[in-house]
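Visitor: Got a predicted model here, sequence first, then my questions.
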Amino acid sequence: MRILLIEDDTVLGAAVRDQIAGDGQSVDWVTRLDGADDALRGTAYDLILLDLMLPDGRGIGFLRGLRSRGQVTPVIILTALDQISDRIEGLNAGADDYLVKPFDLAELSARIGSVARRYSGNPNPIITHGSIEIDLAARSIRREGKPVQLTAREWALFEAFVSRPSQLLSKAQLEEKLYAFDVEVESNTIEVHVSRLRKKLGSAVIETERGMGYRLGRP
């Protein structure tokens, strides 16, 4: 997934960014709402993490504006505002989840996964694909009953295929899901990760459409 983090607290923002990157996801971090507007104009995000109190305005107004324009990207609010009325306001404005600071970073990862599964049409965290069993919540895979260890990037790439089982994904789309806009990507990065996934999960697990992209193979 590619995630937009809107947070002006530099300590918390760095911790959240590192947590998301450690999970194998791509994250772009901005500290102001105008920066968020610029980012959204140029990139299609899978999820937005939104603070409510920012230097140039309130996140609630920003969220209402997104929804009024038909923007359906899921949003998780991250805020120190912990009153029930604040939570109700955030959810009514169009948030998909609401996490009160301070929060555990592992819980944030779990909430991100939960929201992503709902939007991908896979609310059940356990998916079976042939001889492969994927636990989306635990971020674990078993092949023929035996655990398979994936790196964070390998997991994020495989999760992109699993969440869109019939969709052809171009190399550019996959790069965008895995890397933030300030990270240089080697020209063969996707090919290398796909090759490693095939070695670990079976040669047919990912199909190649030459010159077009990749898709999840038939079970």
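Guide: Now that the structure is in, tell me what you want to look at. Not measured: the values here are computed from a predicted model.
Visitor: Give me the domain ranges for the protein.
Guide: 2-120, 127-216 (the TED database).
Visitor: Pick out the shakiest of these, pLDDT-wise.
Guide: For those, mean pLDDT drops lowest on domain 127-216, to a mean of 87.
Visitor: chain center to that domain, what's the gap?
Guide: For domain 127-216, the distance between its averaged C-alpha position and the chain's averaged C-alpha position is 14 Å (CA atoms, centre = their mean, to the nearest Å).
Visitor: And stretch 76-88, by the same measure?
Guide: Remark: stretch 76-88 is offset 22 Å from the chain centroid, using CA atoms, centre = their mean.
Visitor: Going forward, the N-terminal residue is numbered 29.
Guide: That works, and once the first residue is 29, the last one we named lands at stretch 104-116.
Visitor: TSV please, covering the domains of the chain and showing mean neighbour count.
Guide: C-betas here are computed from N, CA, C, even on glycine. Shown next, in TSV, are those (neighbours: other CB atoms under 10 Å):
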stretch	mean neighbour count
domain 30-148	17
domain 155-244	16
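Visitor: so where's the longest helix in this protein?
Guide: If each helix of the chain is counted by residues according to DSSP state H, the longest one is helix 133-148.
Visitor: quick one: contacts of the next helix or strand after it?
Guide: Reading on from helix 133-148 to the C-terminus, the next helix or strand found by DSSP states H and E is strand 154-157. Residues outside strand 154-157 that contact it (CB atoms under 8 Å, 6 or more residues apart in numbering) are 161-164, 190, 233, 244, 247.
Visitor: on that earlier part again, which neighbouring elements make contact with the longest helix of the chain?
Guide: helix 38-50, strand 75-78, strand 103-107, strand 125-128, helix 180-191 (3 or more CB pairs under 8 Å, 6 or more residues apart in numbering; DSSP states H and E).
Visitor: With distance to D84 added, can I get those in a markdown table?
Guide: What follows is the helices and strands packed on helix 133-148, written out as a markdown table (distance: least, CB to CB, whole Å):
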| stretch | distance to D84 |
| --- | --- |
| helix 38-50 | 16 |
| strand 75-78 | 13 |
| strand 103-107 | 16 |
| strand 125-128 | 22 |
| helix 180-191 | 31 |
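Visitor: quick one: contacts of the longest helix of the chain?
Guide: Contacts made with helix 133-148 from outside it, assessed by CB under 8 Å, 6+ apart, are listed as 29, 31, 43-44, 47-48, 51, 53, 74-75, 77, 102, 104, 106, 124-125, 127, 151-153, 164-165, 167, 191-192.
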